[in-house]
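1. All I have is the shape, not the residue letters:
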């Protein structure tokens, strides 16, 4: 029934570009400002919709407020089914306050999330997790996320995990995750002093079929149990890195649904995330499929960072 179901955090993002981060007890002016939908899994699903993939649904919680209505409407405009989004009365929706440094495009985030927006295991129902080709989770509300992964695996769905940072009970997920996509920060915190390669091998041995690490401006690296694949980042003028990893995950699932090989998927995801970084915010910068095709064609014509990948 569903090409991909996502379970995780959704938020309302307040984004501001500043010349430089103010020191403690100092003030600064805002250069550019935007309000957009946010959240790792929610933004990944919006990416799938923007790329033209249908039959995608989000499982999450919002408050009964203006922000919650905005969050749901924004997802629906990108083709995401929100029938499984619970509206919690008398509760504010999750909000993220994001400051972006003008020259680097790097950002800092402060998240406000009321505990009434957390999921318990009892709230995870059989539907929709058993009717999905892929399940995407972010590891928040770990007991509930783990239950969703178990239900999906029992129904022969493939599970993709976004591990942006090390969270509680992470090791319990490995045997139920097919594609583990983590950040460089996660690898560092999880490594116990081991190298990146050895840490990725360890995660693979613990049950994950494919392990991928996103490395920011260094691209991404993947391990399929036998071979490592490194795909460099694409050069773009970076305005804001907010949501780049989330967009990468959405583009990665798109490649999985297209049944591409791992290096091809990583290259496509790198290109999609790079294009997002050229605009402010995690949502407004998500490209359409045609934009990604043109970008990759340009890379081929300029003989840069390209190995002849066919986009279909």
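-> Looks like it came in fine. Bear in mind the structure is a predicted one, so any value in this text is a computation, not a measurement.
2. Give me the nearest residue to residue 232, chain neighbours excluded.
-> residue 219 (4.3 Å; C-beta to C-beta, 6 or more residues apart in numbering). Heads up, the C-betas are built off the backbone N, CA and C, glycines and all.
3. Would you mind measuring from the one you found to residue 130?
-> 35 Å (C-beta to C-beta, to the nearest Å).
4. quick one: contacts for the spatially most central residue of the chain?
-> The C-alpha lying nearest the average C-alpha coordinate of the chain belongs to residue 246 (C-alpha atoms, centre = their mean; 2.2 Å). When contacts are counted by C-beta atoms under 8 Å, 6 or more residues apart in numbering, residue 246 touches 39, 40, 41, 43, 44, 47, 162, 282.
5. Helix, strand, or coil at it?
-> For residue 246, the assignment made with DSSP: H, G, I helix; E, B strand; the rest coil gives helix.
6. burial of the closest residue to it other than its chain neighbours, as a residue count?
-> Excluding its sequence neighbours, the residue lying closest to residue 246 (C-beta to C-beta, 6+ apart) is residue 43, at 3.8 Å. By the criterion of other C-beta atoms under 10 Å, residue 43 has 34 neighbours.
7. Residue 43 sits in which helix or strand?
-> helix 40-50 (DSSP states H and E).
8. Return the list of helices and strands in contact with that helix.
-> Where contact means 3 or more C-beta pairs under 8 Å, 6 or more residues apart in numbering; DSSP states H and E, helix 40-50 is packed against strand 2-7, strand 56-63, helix 66-77, strand 80-81, strand 132-137, strand 158-163, helix 244-257.
9. want to throw these into CSV with mean pLDDT and distance to residue 301?
-> Formatted as CSV, these follow (pLDDT from 0 to 100; distance: least, C-beta to C-beta, whole Å):
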stretch, mean pLDDT, distance to residue 301
strand 2-7, 98, 32
strand 56-63, 98, 32
helix 66-77, 98, 33
strand 80-81, 98, 34
strand 132-137, 97, 33
strand 158-163, 97, 32
helix 244-257, 98, 21
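10. Tell me which of these lies nearest to residue 271.
-> With C-beta to C-beta as the criterion, residue 271 lies closest to helix 244-257 of these, at 7.9 Å.
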